[in-house]
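Visitor: Build me a structure from this.
(one chain, ligands or ions: 1)
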Amino acid sequence: MSNQHGPYDVVIAGAGFAGIGLATKLRREGLNNFVILERADDVGGTWRDNHYPGAACDVPSHLYSFAHRPNPDWSHIFAPQKEILEYIRASAREEQIDDRIEFNAEVLSAEWSDLDSVWTIISSAGTYTARVFISAVGHLSDPKMPAIQGIESFAGKVFHSANWDDDYELAGKRVAVIGTGASSVQIVPSIAPVVEQLTVFQRSAPYITARPDREYTTAEKRMFHRLPETLAAQRRDMFWANEERYAQRRGTPSLVQAVQSAALNHLASQIPAGPLRDKLTPDYTIGCKRILKSDDYFPAFLQANVSLETTPIVEVVGSGIRTADGALHELDVIVASTGFEAVDLPIAHRVYGRGRELLAERWNMGMQAYATVAVNGFPNFWIINGPNTGLGHNSSVYVAEAQIEHIVEAISHVLESAAGMLEVARAVEDAYSAQVDSMSQGTVWLDGGCRSWYVDARSNRLTTIWPDFAFSFREVNSPFDAERYGDDNSMHEIEGIRPIGQLAQ
Ligand code: NAP
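Guide: Okay, the predicted model is just below:
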């Protein structure tokens, strides 16, 4: 069989929520000449990879799902990972996307040719050509291992939370968990009862609020089946409840105070005053990092076999982790719950635009894209979950869907237009980015006194978070207008982006 495939209208990299969502919309629009290249052997993306103990979503499932595929059968308010993965699999199957996916096909490079206006995508399963190339690989797909001196010399087992080894028996082991983010707070209480000794290495304390989870009753699920409007109402209520919480991120003092008190009261209700509570108390403004939800993370530290280590790690040696006070923590296993390569996206190191310009080079001071999806110099290329797409407070599926609306219209335009090509003008992209940068000034992410992966350290720009409400993300970024891609200066004021100060205070 030839290793050359195509020409396709569209090649999509990644079969997670974003890739499956885009493919579904393309099919529903009758645009069928596409293929998804997926590096793994299953769909699901980050929900396939992150199957660590306790993995679940901290955004309510009726909201964290496709608008076009409401699911009356979610078992809990916050569904576990297995159920979310099953939902994505069913979406691919029932929307007849399955047979459009090339599994075990990792995109190694994608290059635009001006000569014939075609993308050539070289993958581990062969070479594909297409008029349009879409990155739907996400920003939580490549695990980030901590750069700790000597980690390769550890004699025990080391793995990242996104590469959990289900076959490895933790019972009776001395385990370290490095990191205290959203993944860690789910892992720690899940493994604490099993392991012999658990040491959590904390660099900075997270703010944690209550996690009001519960099972949906059979009666509720029956109602969602019979009265779909009740399901839609659930989703709407969840969305707007999250939007209400957003205003806090802009630094409105009374709202900051309210949510900070809620988090600190949650801590105080679970951990008695004393050194442990002090160590678990954050030293920055709430919201600067993701506000986590858990009812069982803090109590885990009250178990005799669990300890919290806040002395910085200096090195890993054969038998364990050495901290700055000289102590050696002897270990069998190190779990790196240290996040993802979200700032300098690995896919950007594989995409070459006009004149063989590398996307990562173009973004060497941080990511930026017009409407969060289009980059000058990269014609007929759009990116989902790229710059300014993270939301600390609402559903990232909603964000991807808003981008997909824009992208599907852009693709239709390309396929129908005589030129067969669409590229955003540099001035338009720069003007858009300048407005997003200006919106991010004064937010808790830049001014909250923490260090996080929301900010690109190379430029101190907020490149991963959308610094406004989720509904405004859709208002600003979903509408597609080919004329806005052009050089007309009058188009540079991007409708919908509000300067700081115009937000409800
Ligand atoms: P993360 O939020 O980036 O947290 C990484 C943790 O590792 C932080 O506590 C960080 O400390 C620590 N760390 C990193 N490098 C370190 C080093 N060299 N030494 C010591 N500590 C180090 O990663 P995550 O928990 O995997 O979450 C990533 C994102 O995934 C979340 O923000 C969220 O968007 C998503 N997620 C969502 C859910 C959900 O339920 N929806 C669940 C899991 C993950 P510092 O804070 O000091 O940097």
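Visitor: List the contacts of V11.
Guide: 34-37, 110, 119, 121, 128, 130, 132-134 (CB atoms under 8 Å, 6 or more residues apart in numbering). From N, CA and C alone the C-beta is placed, and that goes for glycine too.
Visitor: Out of those, which is nearest to the ligand?
Guide: Distances from the ligand to the contacts of V11, taken as CB to the nearest ligand atom, are shortest for I134 (21.6 Å).
Visitor: who's the nearest residue to that closest one once chain neighbours are set aside bridged to?
Guide: Computed as CB to CB, 6 or more residues apart in numbering, the closest residue to I134 that is not its neighbour in sequence is I12, at 4.6 Å. Listed by DSSP bridges, the beta-bridge partners for I12 are I36, I134.
Visitor: What's the local residue count around I12?
Guide: Look at I12: counted by other CB atoms under 10 Å, it has 32 neighbours.
Visitor: separation between it and T217?
Guide: I12 is 39 Å from T217, where distance means CB to CB, to the nearest Å.
Visitor: Same question for Q149.
Guide: Here the criterion is CB to CB. By it, Q149 lies 53 Å from T217.
Visitor: The ligand contacts on the stretch 1-150 of the chain?
Guide: Proximity of the stretch 1-150 of the chain to the ligand, by CB under 6 Å from any ligand atom, involves residues 57-59, 140, 146, 148.
Visitor: And the furthest pair within those?
Guide: Pairwise distances across these peak at 31.0 Å for V59 and I148 (criterion: CB to CB).
Visitor: what's stretch 268-287 in contact with?
Guide: Applying CB under 8 Å, 6+ apart, the contact partners of stretch 268-287 are 202, 204-207, 248-249, 251, 256, 259-260, 263-264, 267, 298-299, 301-302, 308, 310, 392, 444-445, 447-450.
Visitor: Just the buried subset of those residues, please.
Guide: 202, 204-207, 248-249, 251, 256, 259-260, 263-264, 267, 298, 301, 308, 310, 392, 444-445, 448, 450 (16 or more other CB atoms under 10 Å).
Visitor: Of those, which belong to helices?
Guide: Within the buried ones among the contacts of stretch 268-287, residues falling in helices by DSSP state H are 256, 259-260, 263-264, 267, 298, 444-445.
Visitor: Helices along the stretch 351-500 of the chain, start to end?
Guide: In the stretch 351-500 of the chain, the segments counted as helices under DSSP state H, counting those that start in this stretch are 359-362, 396-416, 426-440, 444-447, 470-477.
Visitor: Relative to P80, which of those helices is closest?
Guide: Among the helices of the stretch 351-500 of the chain, helix 396-416 sits nearest to P80 (CB to CB), with 16.5 Å.
Visitor: Just list what that closest one packs against, helices and strands only.
Guide: On a contact count with 3 or more CB pairs under 8 Å, 6 or more residues apart in numbering; DSSP states H and E, helix 396-416 meets strand 4-13, helix 17-28, strand 126-135, strand 381-383, helix 470-477.
Visitor: tell me the angle it makes with strand 126-135.
Guide: Here helix 396-416 points in a direction 120 degrees away from that of strand 126-135 (axes from the mean of the first three to the mean of the last three CA atoms, to 10 degrees).
Visitor: Would you mind listing what in the stretch 201-350 of the chain touches the ligand?
Guide: Counting by CB under 6 Å from any ligand atom, the stretch 201-350 of the chain sits next to the ligand at 201, 203-204, 289-290, 313, 337-340.
Visitor: Can you tell me the closest non-neighbouring residue to the residue of the stretch 201-350 of the chain found nearest the ligand?
Guide: Scanning the stretch 201-350 of the chain for the residue nearest the ligand gives G339, at 2.5 Å (criterion: CB to the nearest ligand atom). Spatially, and ignoring its direct neighbours in sequence, G339 is nearest to K144 (5.1 Å; CB to CB, 6+ apart).
Visitor: Go ahead and confirm that neighbour touches T338.
Guide: Yes: between K144 and T338 there is a contact at 5.6 Å, judged by CB atoms under 8 Å.
Visitor: Looking at the two, which has the bigger crowd around it?
Guide: Higher neighbour count among K144 and T338: T338, with 22 against 16, using other CB under 10 Å.
Visitor: which residues sit in contact with that one?
Guide: Contacts of T338 by CB under 8 Å, 6+ apart are 143-146, 160-161, 178-179, 181.
Visitor: Out of the residues you listed, which sit inside helices?
Guide: Using DSSP H, none of the contacts of T338 sit in helices.
Visitor: Dump those residues to JSON lines, plus pLDDT.
Guide: Shown next, in JSON lines, are the contacts of T338 (pLDDT from 0 to 100):
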{"residue": "P143", "pLDDT": "97"}
{"residue": "K144", "pLDDT": "97"}
{"residue": "M145", "pLDDT": "97"}
{"residue": "P146", "pLDDT": "96"}
{"residue": "H160", "pLDDT": "98"}
{"residue": "S161", "pLDDT": "98"}
{"residue": "I178", "pLDDT": "98"}
{"residue": "G179", "pLDDT": "98"}
{"residue": "G181", "pLDDT": "98"}
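Visitor: Quick check on Q149 and T217: which one has the bigger neighbour count.
Guide: Counted by other CB under 10 Å, Q149 and T217 do not tie: Q149 has more neighbours, with 12 against 9.
Visitor: For D142, see how far away that one is.
Guide: In terms of CB to CB, Q149 sits 22 Å off from D142.
Visitor: how many other residues sit next to A210?
Guide: 14.
Visitor: likewise N394?
Guide: N394 - counted by other CB under 10 Å - has 24 other residues nearby.
Visitor: Look at it and report its pLDDT.
Guide: We note a pLDDT of 93 for N394 in this prediction.
Visitor: so where's the stretch 351-500 of the chain uncertain?
Guide: 487-500 (pLDDT under 70).
Visitor: How about the residues of it by the ligand?
Guide: So the stretch 351-500 of the chain meets the ligand at 451, 453 (CB under 6 Å from any ligand atom).
Visitor: show me what contacts the residue of the stretch 351-500 of the chain found nearest the ligand?
Guide: Nearest residue of the stretch 351-500 of the chain to the ligand, counting by CB to the nearest ligand atom: W453, 5.4 Å away. Contacts here follow CB under 8 Å, 6+ apart; on that basis W453 touches 339-340, 342-343, 464.
Visitor: How about Y246, nearest residue that isn't a chain neighbour?
Guide: Looking at Y246 with CB to CB, 6+ apart, the closest residue is H393, at 4.8 Å.
Visitor: my guess is the one you found contacts A241, does it?
Guide: No: between H393 and A241 there is no contact under CB under 8 Å: 9.9 Å.
Visitor: Which one of the two is surrounded by more residues?
Guide: Neighbours per residue, other CB under 10 Å: of H393 and A241, the larger number sits with H393, 21 against 13.
Visitor: Now do the more buried one against W445, distance only.
Guide: H393 sits 12 Å away from W445, going by CB to CB.
Visitor: do the same with Y207
Guide: 14 Å.
Visitor: Contacts only, for S319.
Guide: Counting by CB under 8 Å, 6+ apart, the residues that S319 touches are 155, 328, 330-331.
Visitor: repeat for Q303
Guide: Q303 makes contacts with 192-193, as judged by CB under 8 Å, 6+ apart.
Visitor: Next, work out how far apart it and V188 are.
Guide: 10 Å.
Visitor: what residues are shared contacts of those two?
Guide: Counting by CB under 8 Å, 6+ apart, no residue touches both Q303 and V188.
Visitor: start to end distance for stretch 66-79?
Guide: End-to-end distance of stretch 66-79 (CA to CA, to the nearest Å): 14 Å.
Visitor: For it, list every residue counted as buried.
Guide: So stretch 66-79, judged by 16+ other CB under 10 Å, has buried residues 66, 71-72, 74, 77-79.
Visitor: What's the mean pLDDT across it?
Guide: 97.
Visitor: Next, count neighbours for the closest residue to E243 other than its chain neighbours.
Guide: Nearest in space to E243, with sequence neighbours left out and distances taken as CB to CB, 6+ apart, is F469 at 5.4 Å. Per other CB under 10 Å, the neighbour tally for F469 reads 22.
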